[in-house]
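J.: I would like the atomic coordinates for the input below:
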Amino acid sequence: MFDIVSPEAIRSGDATDAYFDRTVAALDHAGRDPHVVAEVTADQFPDGGFEVFAGVEDAAELLSGLAVAVDALPEGTLFDGGPVMRIEGTYTEFARFETALLGFLSHASGVATNALKARRAAPDASLLSFGARHVHPSIAAMVERSALVGGFDGFSHVAAGELLGREASGTMPHALVICFGPGEQEAAWEAFDAAAPEGTPRIALCDTYTDETDETLRAAETIDLDGVRLDTTGSRRGDFRHIVREVRWKLDAAGYEDVEVFCSGGLGPAELRELRDVVDGFGVGGFVSNADPVDFALDIVDVEGEAGAKRGKLPGRKAVYRTADGEHLVVPDDETPPEAAESLLEPLVRDGEVVAEFDVDAAAERAATDAERVGFDEAE
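T.: Below you'll find the model as predicted:
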């Protein structure tokens, strides 16, 4: 048995903090179960620090079957304050699901936000998510899907691909070359070429034993290459940009202008910006998979039609808009919005049925469009 909470435990509400069990028991003992409005927020007021809303599909699945009405921002929407989700119903109907709900939203939104930062740092490059090895395997599909929402082109995890209906990407690790030994790199590249399915890009790893330029040219002479990948360890990397430019120069000089150059290994937005004009694509790992979760909280803001909330939280139902100039606007629900403002909260669950549709490509397009409208991450 692995240390994994089962889907059945999550669906039943057992994936909860103990005090929610105590709360439900106390309310039941007192014969009290008020009709409430609760909101999920990270920041009460917009602050300009935009993040990407993700994890909505799992959240909808969690809340399906409950006698609640749920509205939420569409997946991929950028937000910087105010509610991203609103739940209305009797409190005990959803109380025990708060822990799992916030977990679904918080972790996925953090990953998607860092993925969008990487995409904005290298807007024209191919980006693949290589970070599944840094997280518990039970959440690999969440990481890969959230990376797609943030604008990545693909990912490396096979099981996640089966779950998401996407083919995993990847060619060879250093281990393949090392299994053939020093001086036998050509044999490793030939074995990969012979065994890989038709349609798999022939991208050779070219930094295992000797200089990157040496292995690159040897690989190009050995098999019909689509590209080379440089994954040089940081302790031996030196000036990575110079290495990449030298590889490109020698490939071109030898007549291999069509061979592309890909880089991976501990890369984040700063490295992507530095290399994006000399590299065709990147494998990005820990920067995306290890993203800090967004610090969402769920708070009751209305009880039996009366606005109320704990100290530090804003009472009452709220509406959320994107204004014509890109502002994220949060106002009381009964306030008239500015002209041409777009309402962002949309129906998610009604009478136990999920009424929203989910499309990861549409979510990625939404994130990209919102990023342009709000000037996401321009400071970096």
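J.: What does V52 show for phi and psi?
T.: Here is the backbone geometry of V52 (degrees, to the nearest 10): phi -100, psi 130.
J.: From A291, how far off is it?
T.: 10 Å (CB to CB, to the nearest Å). Just so you know, the C-beta spots here come from the backbone N, C-alpha and C atoms, and that holds for glycine as well.
J.: Need the residues touching each of the two.
T.: Common neighbours of V52 and A291, counting by CB atoms under 8 Å, 6 or more residues apart in numbering, are T113.
J.: Sketch out the helices for the stretch 201-350 of the chain, chain order is fine.
T.: 212-222, 240-253, 269-275, 286-289 (DSSP state H, counting those that start in this stretch).
J.: For L164, which of the ones you listed is the nearest?
T.: helix 286-289 (15.4 Å; CB to CB).
J.: thought T222 was touching A191?
T.: No: with contact defined as CB atoms under 8 Å, T222 does not count as touching A191 (10.8 Å).
J.: sorry, back to before: deepest in the core, which of the helices of the stretch 201-350 of the chain is it.
T.: Scoring the helices of the stretch 201-350 of the chain by mean neighbour count under mean count of other CB atoms under 10 Å gives helix 286-289 as the most buried, with a mean of 23.
J.: tell me the average confidence for it?
T.: If you average the pLDDT over helix 286-289, you get 97.
J.: circling back to that earlier point, when V52 and A291 are compared, which one has more neighbours?
T.: Legend: neighbour count by other CB atoms under 10 Å for V52 and A291, higher for V52 (31 against 23).
J.: residues contacting that one?
T.: Residues counted as contacts of V52 (CB under 8 Å, 6+ apart) are G76, T77, L78, S109, A112, T113, A115, L116, V149, G150, A367.
J.: mind checking how far the lengthiest helix in the chain is from the chain centre?
T.: As assigned by DSSP state H, the longest helix anywhere in the chain is helix 98-121. Relative to the chain's own centre, helix 98-121 is displaced by 5 Å; criterion: CA atoms, centre = their mean, to the nearest Å.
J.: and what of stretch 217-227?
T.: 33 Å.
J.: do stretch 40-55 as well
T.: 15 Å.
J.: Same question for it: list its buried residues.
T.: Counting neighbours by 16 or more other CB atoms under 10 Å, one finds that the buried residues in stretch 40-55 are V40, T41, A42, D43, Q44, P46, F50, E51, V52, F53, A54, G55.
J.: now those residues in a markdown table, with secondary structure?
T.: Formatted as a markdown table, these follow (DSSP: H, G, I helix; E, B strand; the rest coil):
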| residue | secondary structure |
| --- | --- |
| V40 | strand |
| T41 | strand |
| A42 | coil |
| D43 | coil |
| Q44 | coil |
| P46 | coil |
| F50 | coil |
| E51 | strand |
| V52 | strand |
| F53 | coil |
| A54 | coil |
| G55 | coil |
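J.: Among these, find the lowest-pLDDT one for me.
T.: Minimum pLDDT across the buried residues of stretch 40-55 falls on P46, with 86.
J.: ok, now how distant is P182 from D21?
T.: In terms of CB to CB, P182 sits 60 Å off from D21.
J.: Neighbour count: the two, which is higher?
T.: Taking neighbours as other CB under 10 Å, P182 and D21 compare with D21 leading, 14 against 10.
J.: first to last residue in stretch 80-98, what's the distance?
T.: 21 Å (CA to CA, to the nearest Å).
J.: Mean confidence (pLDDT) on that stretch, please.
T.: Mean predicted lDDT for stretch 80-98 stands at 97.
J.: got it, and stretch 132-139?
T.: pLDDT averaged over stretch 132-139 gives 96.
J.: Stretch 333-352 too?
T.: In this model, stretch 333-352 carries a mean pLDDT of 92.
J.: From start to finish, how long is it in a straight line?
T.: Note: stretch 333-352 ends 23 Å apart using CA to CA.
J.: Right, I'll call it a day here.
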